[in-house]
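*Asks:* sequence-free structure coming up:
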Ligand SMILES: NC(=O)C1=CN([C@@H]2O[C@H](COP(=O)(O)OP(=O)(O)OC[C@H]3O[C@@H](n4cnc5c(N)ncnc54)[C@H](O)[C@@H]3O)[C@@H](O)[C@H]2O)C=CC1
Ligand SMILES: CCC(=O)/C=C/C=C\C[C@@H](O)/C=C/C=C/C=C\[C@@H](O)CCCC(=O)O
(Lines give C-alpha, C1' and ligand atoms only; values in the text may rest on other atoms or scores of the structure.)
(Ligands and ions follow the chains in the order given, each with its own letter.)
Protein backbone atom coordinates (compact mmCIF):
# COMPACT_ATOMS: atom_id res chain seq x y z
CA UNK A 1 0.00 0.00 0.00
CA UNK A 2 1.45 3.40 -0.94
CA UNK A 3 0.49 6.86 0.21
CA UNK A 4 1.71 10.39 -0.48
CA UNK A 5 3.01 11.90 2.74
CA UNK A 6 4.13 15.23 1.38
CA UNK A 7 5.94 17.17 -1.32
CA UNK A 8 9.56 18.30 -1.45
CA UNK A 9 10.17 20.90 -4.21
CA UNK A 10 7.23 19.48 -6.07
CA UNK A 11 8.58 15.98 -5.88
CA UNK A 12 5.98 13.75 -4.40
CA UNK A 13 7.40 11.72 -1.59
CA UNK A 14 5.85 8.34 -1.99
CA UNK A 15 6.54 5.81 0.63
CA UNK A 16 5.32 2.34 0.89
CA UNK A 17 3.45 2.19 4.14
CA UNK A 18 3.89 -1.32 5.36
CA UNK A 19 0.83 -2.55 7.18
CA UNK A 20 1.63 -2.46 10.87
CA UNK A 21 1.87 -6.22 11.12
CA UNK A 22 5.33 -6.73 12.47
CA UNK A 23 6.01 -10.36 13.13
CA UNK A 24 7.39 -11.51 16.43
CA UNK A 25 6.88 -10.17 19.97
CA UNK A 26 7.06 -6.44 20.74
CA UNK A 27 10.45 -5.70 22.34
CA UNK A 28 9.73 -4.08 25.71
CA UNK A 29 13.33 -3.19 26.61
CA UNK A 30 13.91 0.54 26.29
CA UNK A 31 10.22 1.29 25.68
CA UNK A 32 8.35 3.82 27.81
CA UNK A 33 5.38 2.59 29.83
CA UNK A 34 2.76 4.36 31.94
CA UNK A 35 0.89 2.57 34.71
CA UNK A 36 -1.97 4.34 36.44
CA UNK A 37 -2.71 3.02 39.91
CA UNK A 38 0.84 1.80 39.97
CA UNK A 39 1.36 2.59 43.64
CA UNK A 40 0.32 -0.85 44.90
CA UNK A 41 -1.58 -4.00 44.09
CA UNK A 42 -1.85 -5.10 40.46
CA UNK A 43 -0.41 -1.82 39.18
CA UNK A 44 2.72 -2.20 41.27
CA UNK A 45 3.28 -5.70 39.84
CA UNK A 46 2.67 -4.30 36.33
CA UNK A 47 5.47 -1.78 37.00
CA UNK A 48 7.81 -4.46 38.30
CA UNK A 49 7.04 -6.75 35.37
CA UNK A 50 7.68 -3.95 32.86
CA UNK A 51 10.83 -2.79 34.72
CA UNK A 52 12.11 -6.36 34.72
CA UNK A 53 11.66 -6.34 30.95
CA UNK A 54 13.78 -3.19 30.70
CA UNK A 55 11.02 -0.60 30.15
CA UNK A 56 11.15 2.95 31.50
CA UNK A 57 8.07 3.08 33.73
CA UNK A 58 6.13 6.19 34.75
CA UNK A 59 3.85 5.43 37.70
CA UNK A 60 0.72 7.46 38.41
CA UNK A 61 -1.09 6.97 41.70
CA UNK A 62 -3.10 9.27 43.96
CA UNK A 63 -1.51 7.60 47.01
CA UNK A 64 1.72 9.63 46.70
CA UNK A 65 3.44 7.53 49.40
CA UNK A 66 3.09 4.41 47.29
CA UNK A 67 3.84 6.38 44.11
CA UNK A 68 7.00 7.96 45.58
CA UNK A 69 8.18 4.65 46.97
CA UNK A 70 8.15 3.28 43.45
CA UNK A 71 8.76 6.26 41.29
CA UNK A 72 10.97 9.29 41.99
CA UNK A 73 10.57 10.85 38.54
CA UNK A 74 6.97 11.91 38.93
CA UNK A 75 5.70 14.95 40.77
CA UNK A 76 2.57 15.20 42.90
CA UNK A 77 0.21 16.12 40.11
CA UNK A 78 -1.30 13.06 38.40
CA UNK A 79 -3.39 14.75 35.87
CA UNK A 80 -3.50 12.48 32.82
CA UNK A 81 -2.65 15.30 30.43
CA UNK A 82 0.33 16.26 32.55
CA UNK A 83 1.17 12.60 32.83
CA UNK A 84 1.32 12.13 29.08
CA UNK A 85 3.15 15.40 28.41
CA UNK A 86 5.63 14.77 31.23
CA UNK A 87 6.31 11.28 29.90
CA UNK A 88 6.84 12.49 26.35
CA UNK A 89 9.10 15.37 27.43
CA UNK A 90 11.09 13.14 29.79
CA UNK A 91 11.41 9.98 27.70
CA UNK A 92 10.53 11.20 24.20
CA UNK A 93 7.69 8.72 23.65
CA UNK A 94 4.80 6.89 25.18
CA UNK A 95 4.81 3.28 23.95
CA UNK A 96 2.72 1.43 26.53
CA UNK A 97 -0.22 2.74 28.59
CA UNK A 98 -1.80 0.61 31.32
CA UNK A 99 -5.09 2.27 32.33
CA UNK A 100 -5.17 0.32 35.56
CA UNK A 101 -6.35 2.74 38.31
CA UNK A 102 -9.69 1.78 39.79
CA UNK A 103 -11.90 1.91 42.86
CA UNK A 104 -14.51 -0.54 44.24
CA UNK A 105 -18.29 -0.20 44.49
CA UNK A 106 -18.10 1.25 48.00
CA UNK A 107 -16.96 4.63 46.70
CA UNK A 108 -19.56 7.18 45.55
CA UNK A 109 -21.08 5.77 42.35
CA UNK A 110 -20.15 8.88 40.29
CA UNK A 111 -16.53 8.48 41.47
CA UNK A 112 -16.57 4.80 40.48
CA UNK A 113 -17.65 5.69 36.94
CA UNK A 114 -15.29 8.66 36.73
CA UNK A 115 -12.20 6.75 37.74
CA UNK A 116 -12.97 3.28 36.39
CA UNK A 117 -14.42 4.37 33.04
CA UNK A 118 -14.12 8.11 32.27
CA UNK A 119 -10.41 8.18 33.17
CA UNK A 120 -9.78 5.10 31.02
CA UNK A 121 -11.46 6.87 28.09
CA UNK A 122 -9.59 10.12 28.75
CA UNK A 123 -6.25 8.37 29.19
CA UNK A 124 -6.74 6.31 26.05
CA UNK A 125 -7.63 9.38 23.95
CA UNK A 126 -4.64 11.39 25.26
CA UNK A 127 -2.23 8.49 24.80
CA UNK A 128 -3.51 7.85 21.28
CA UNK A 129 -2.70 11.45 20.34
CA UNK A 130 0.84 10.92 21.64
CA UNK A 131 1.32 7.46 20.13
CA UNK A 132 -0.42 7.82 16.75
CA UNK A 133 1.73 7.34 13.65
CA UNK A 134 -0.47 10.04 12.11
CA UNK A 135 1.03 12.51 14.59
CA UNK A 136 4.63 11.40 14.11
CA UNK A 137 4.39 8.87 16.93
CA UNK A 138 5.64 5.32 16.68
CA UNK A 139 2.36 3.57 17.55
CA UNK A 140 1.92 1.69 20.79
CA UNK A 141 -0.20 -0.52 22.98
CA UNK A 142 -2.92 0.39 25.49
CA UNK A 143 -4.00 -2.15 28.11
CA UNK A 144 -7.26 -1.25 29.88
CA UNK A 145 -7.80 -3.08 33.15
CA UNK A 146 -11.43 -4.18 33.18
CA UNK A 147 -12.48 -7.22 35.22
CA UNK A 148 -14.36 -10.48 35.00
CA UNK A 149 -17.03 -8.12 36.29
CA UNK A 150 -16.86 -6.60 32.79
CA UNK A 151 -18.00 -9.91 31.30
CA UNK A 152 -20.26 -11.31 34.06
CA UNK A 153 -22.83 -9.60 36.32
CA UNK A 154 -21.83 -8.50 39.83
CA UNK A 155 -24.80 -8.33 42.26
CA UNK A 156 -22.39 -7.06 44.92
CA UNK A 157 -21.28 -4.17 42.72
CA UNK A 158 -23.65 -3.15 39.88
CA UNK A 159 -22.07 0.29 39.29
CA UNK A 160 -18.56 -1.16 39.43
CA UNK A 161 -19.75 -3.84 37.01
CA UNK A 162 -21.21 -1.19 34.67
CA UNK A 163 -17.88 0.66 34.67
CA UNK A 164 -16.03 -2.52 33.71
CA UNK A 165 -18.50 -3.51 30.98
CA UNK A 166 -17.89 0.01 29.65
CA UNK A 167 -14.12 -0.55 29.62
CA UNK A 168 -14.55 -3.81 27.69
CA UNK A 169 -16.91 -2.30 25.10
CA UNK A 170 -14.76 0.84 24.71
CA UNK A 171 -11.57 -1.22 24.24
CA UNK A 172 -13.13 -3.63 21.72
CA UNK A 173 -14.51 -0.68 19.72
CA UNK A 174 -11.00 0.70 19.08
CA UNK A 175 -9.72 -2.33 17.17
CA UNK A 176 -9.52 -0.33 13.93
CA UNK A 177 -6.88 1.99 15.44
CA UNK A 178 -4.08 -0.48 14.78
CA UNK A 179 -4.37 -0.08 11.02
CA UNK A 180 -5.01 3.68 11.14
CA UNK A 181 -2.69 4.76 13.97
CA UNK A 182 -0.43 1.79 14.77
CA UNK A 183 -2.04 1.47 18.20
CA UNK A 184 -3.38 -1.77 19.71
CA UNK A 185 -6.03 -1.54 22.44
CA UNK A 186 -6.85 -4.58 24.60
CA UNK A 187 -8.82 -5.22 27.79
CA UNK A 188 -7.61 -7.43 30.63
CA UNK A 189 -10.28 -9.03 32.83
CA UNK A 190 -8.91 -10.56 36.02
CA UNK A 191 -11.06 -12.40 38.52
CA UNK A 192 -10.60 -11.70 42.25
CA UNK A 193 -6.98 -10.97 43.22
CA UNK A 194 -5.66 -10.29 46.76
CA UNK A 195 -5.26 -6.50 46.77
CA UNK A 196 -6.54 -3.59 48.87
CA UNK A 197 -9.50 -3.16 46.53
CA UNK A 198 -10.43 -6.82 46.94
CA UNK A 199 -9.96 -6.69 50.72
CA UNK A 200 -12.19 -3.61 50.94
CA UNK A 201 -14.86 -5.50 49.00
CA UNK A 202 -14.61 -8.52 51.29
CA UNK A 203 -14.85 -6.28 54.37
CA UNK A 204 -17.95 -4.65 52.89
CA UNK A 205 -19.61 -8.02 52.36
CA UNK A 206 -18.67 -9.26 55.84
CA UNK A 207 -19.98 -6.05 57.42
CA UNK A 208 -23.21 -6.68 55.55
CA UNK A 209 -23.28 -10.25 56.95
CA UNK A 210 -22.85 -11.61 53.41
CA UNK A 211 -20.36 -14.18 54.61
CA UNK A 212 -21.22 -16.79 51.97
CA UNK A 213 -20.62 -14.31 49.11
CA UNK A 214 -17.30 -13.32 50.71
CA UNK A 215 -16.33 -17.01 51.03
CA UNK A 216 -17.16 -17.67 47.37
CA UNK A 217 -15.00 -14.73 46.25
CA UNK A 218 -12.05 -15.83 48.36
CA UNK A 219 -12.40 -19.36 47.02
CA UNK A 220 -11.66 -18.31 43.43
CA UNK A 221 -8.87 -15.79 43.85
CA UNK A 222 -6.00 -15.66 41.37
CA UNK A 223 -2.43 -14.42 41.89
CA UNK A 224 -1.43 -10.85 41.12
CA UNK A 225 1.65 -12.15 39.33
CA UNK A 226 -0.64 -14.07 36.95
CA UNK A 227 -2.37 -10.80 36.05
CA UNK A 228 1.00 -9.16 35.34
CA UNK A 229 1.99 -12.12 33.14
CA UNK A 230 -1.25 -11.66 31.22
CA UNK A 231 -0.51 -7.98 30.69
CA UNK A 232 2.98 -8.75 29.37
CA UNK A 233 1.45 -11.33 26.98
CA UNK A 234 -0.91 -8.67 25.59
CA UNK A 235 1.96 -6.17 25.19
CA UNK A 236 4.34 -8.61 23.48
CA UNK A 237 1.84 -10.32 21.15
CA UNK A 238 1.30 -7.98 18.18
CA UNK A 239 -1.60 -10.15 17.01
CA UNK A 240 -3.66 -9.17 20.07
CA UNK A 241 -5.82 -6.16 19.18
CA UNK A 242 -9.35 -5.55 20.46
CA UNK A 243 -8.85 -8.68 22.58
CA UNK A 244 -10.55 -9.37 25.92
CA UNK A 245 -8.19 -11.43 28.07
CA UNK A 246 -9.71 -13.39 30.97
CA UNK A 247 -7.69 -14.48 34.01
CA UNK A 248 -9.54 -16.92 36.27
CA UNK A 249 -8.72 -19.63 38.83
CA UNK A 250 -10.66 -22.16 36.74
CA UNK A 251 -9.02 -21.58 33.34
CA UNK A 252 -5.93 -19.45 33.92
CA UNK A 253 -5.29 -17.02 31.05
CA UNK A 254 -7.61 -17.25 28.03
CA UNK A 255 -9.71 -14.96 25.84
CA UNK A 256 -13.42 -14.13 25.88
CA UNK A 257 -14.89 -15.44 22.63
CA UNK A 258 -17.35 -13.19 20.84
CA UNK A 259 -19.56 -13.83 17.81
CA UNK A 260 -18.74 -11.59 14.86
CA UNK A 261 -18.42 -8.01 16.10
CA UNK A 262 -20.01 -6.70 12.90
CA UNK A 263 -23.77 -6.34 12.31
N1 LIG B 1 -8.19 -6.94 42.89
C2 LIG B 1 -9.10 -7.53 42.13
O3 LIG B 1 -9.76 -8.52 42.52
C4 LIG B 1 -9.36 -7.02 40.76
C5 LIG B 1 -9.04 -5.72 40.40
N6 LIG B 1 -9.36 -5.28 39.13
C7 LIG B 1 -9.02 -3.93 38.73
O8 LIG B 1 -7.60 -3.82 38.79
C9 LIG B 1 -7.25 -2.44 38.91
C10 LIG B 1 -6.24 -2.28 40.03
O11 LIG B 1 -6.92 -2.61 41.23
P12 LIG B 1 -6.18 -3.31 42.48
O13 LIG B 1 -4.72 -3.39 42.24
O14 LIG B 1 -6.94 -4.53 42.80
O15 LIG B 1 -6.54 -2.24 43.60
P16 LIG B 1 -5.62 -1.41 44.61
O17 LIG B 1 -6.59 -0.56 45.38
O18 LIG B 1 -4.71 -2.32 45.36
O19 LIG B 1 -4.74 -0.49 43.65
C20 LIG B 1 -5.39 0.50 42.87
C21 LIG B 1 -4.47 1.71 42.85
O22 LIG B 1 -5.10 2.71 42.05
C23 LIG B 1 -4.94 3.96 42.71
N24 LIG B 1 -5.96 4.92 42.25
C25 LIG B 1 -7.27 4.94 42.57
N26 LIG B 1 -7.86 6.01 41.97
C27 LIG B 1 -6.89 6.66 41.28
C28 LIG B 1 -6.86 7.84 40.46
N29 LIG B 1 -7.97 8.58 40.27
N30 LIG B 1 -5.68 8.21 39.88
C31 LIG B 1 -4.56 7.47 40.10
N32 LIG B 1 -4.51 6.36 40.88
C33 LIG B 1 -5.68 5.97 41.45
C34 LIG B 1 -5.07 3.63 44.19
O35 LIG B 1 -4.49 4.64 44.98
C36 LIG B 1 -4.28 2.32 44.27
O37 LIG B 1 -2.91 2.53 44.51
C38 LIG B 1 -8.57 -1.70 39.15
O39 LIG B 1 -9.02 -1.12 37.94
C40 LIG B 1 -9.54 -2.82 39.57
O41 LIG B 1 -10.88 -2.49 39.25
C42 LIG B 1 -9.95 -6.10 38.20
C43 LIG B 1 -10.28 -7.38 38.53
C44 LIG B 1 -9.99 -7.95 39.82
C1 LIG C 1 -18.32 -4.97 46.11
C2 LIG C 1 -18.21 -4.85 44.59
C3 LIG C 1 -16.78 -4.63 44.22
O4 LIG C 1 -16.36 -3.51 43.95
C5 LIG C 1 -15.93 -5.81 44.22
C6 LIG C 1 -14.69 -5.78 43.67
C7 LIG C 1 -13.86 -6.97 43.89
C8 LIG C 1 -12.85 -7.36 43.11
C9 LIG C 1 -12.55 -6.74 41.78
C10 LIG C 1 -13.48 -7.19 40.67
O11 LIG C 1 -13.03 -6.57 39.48
C12 LIG C 1 -13.53 -8.69 40.45
C13 LIG C 1 -14.64 -9.19 39.85
C14 LIG C 1 -14.77 -10.60 39.57
C15 LIG C 1 -15.99 -11.09 39.13
C16 LIG C 1 -16.15 -12.48 38.78
C17 LIG C 1 -17.34 -13.04 38.54
C18 LIG C 1 -18.64 -12.37 39.02
O19 LIG C 1 -19.78 -12.87 38.29
C20 LIG C 1 -18.81 -12.64 40.50
C21 LIG C 1 -19.94 -11.77 41.07
C22 LIG C 1 -19.90 -11.84 42.61
C23 LIG C 1 -20.92 -10.89 43.17
O24 LIG C 1 -20.91 -9.70 42.78
O25 LIG C 1 -21.73 -11.34 43.99
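*Replies:* Happy to help now that I have it. If you're wondering where the values come from, they're calculated on a predicted model, not measured in any experiment. Numbers count the residues shown, from 1 in each chain. Ligands and ions are numbered 1, 2, ... in the order given.

*Asks:* excluding residues flanking it in the chain, which one is nearest residue 187?
*Replies:* Nearest non-adjacent residue to residue 187, counting by CB to CB, 6 or more residues apart in numbering: residue 171, 4.0 Å away. For the C-beta atoms, the positions are set from N, CA and C on the backbone; glycine is no exception.

*Asks:* then residue 235?
*Replies:* Leaving aside its sequence neighbours, residue 235 sits nearest to residue 141 (CB to CB, 6+ apart; 5.3 Å).

*Asks:* show me the helices in the stretch 1-150 of the chain, by range?
*Replies:* For the stretch 1-150 of the chain, the helices defined by DSSP state H, counting those that start in this stretch occupy 41-52, 64-70, 80-91, 109-113, 119-131.

*Asks:* how far out from the middle of the chain is the last one?
*Replies:* Read that as helix 119-131. For helix 119-131, the gap between its own C-alpha mean and the chain's C-alpha mean amounts to 11 Å (CA atoms, centre = their mean, to the nearest Å).

*Asks:* and it, average pLDDT?
*Replies:* Throughout helix 119-131, pLDDT has a mean value of 94.

*Asks:* other SSEs contacting that helix?
*Replies:* Applying 3 or more CB pairs under 8 Å, 6 or more residues apart in numbering; DSSP states H and E, one finds that helix 119-131 makes contact with strand 32-36, helix 80-91, strand 96-99, strand 140-145, helix 158-172, helix 177-181, strand 183-190.

*Asks:* if we can go back for a sec, isn't the residue nearest to residue 187 right up against residue 244?
*Replies:* Yes. Between residue 171 and residue 244 there is a contact under CB atoms under 8 Å: 7.4 Å.

*Asks:* what touches both of these two?
*Replies:* Common contact partners of residue 171 and residue 244 (CB atoms under 8 Å, 6 or more residues apart in numbering): 146, 186, 187.
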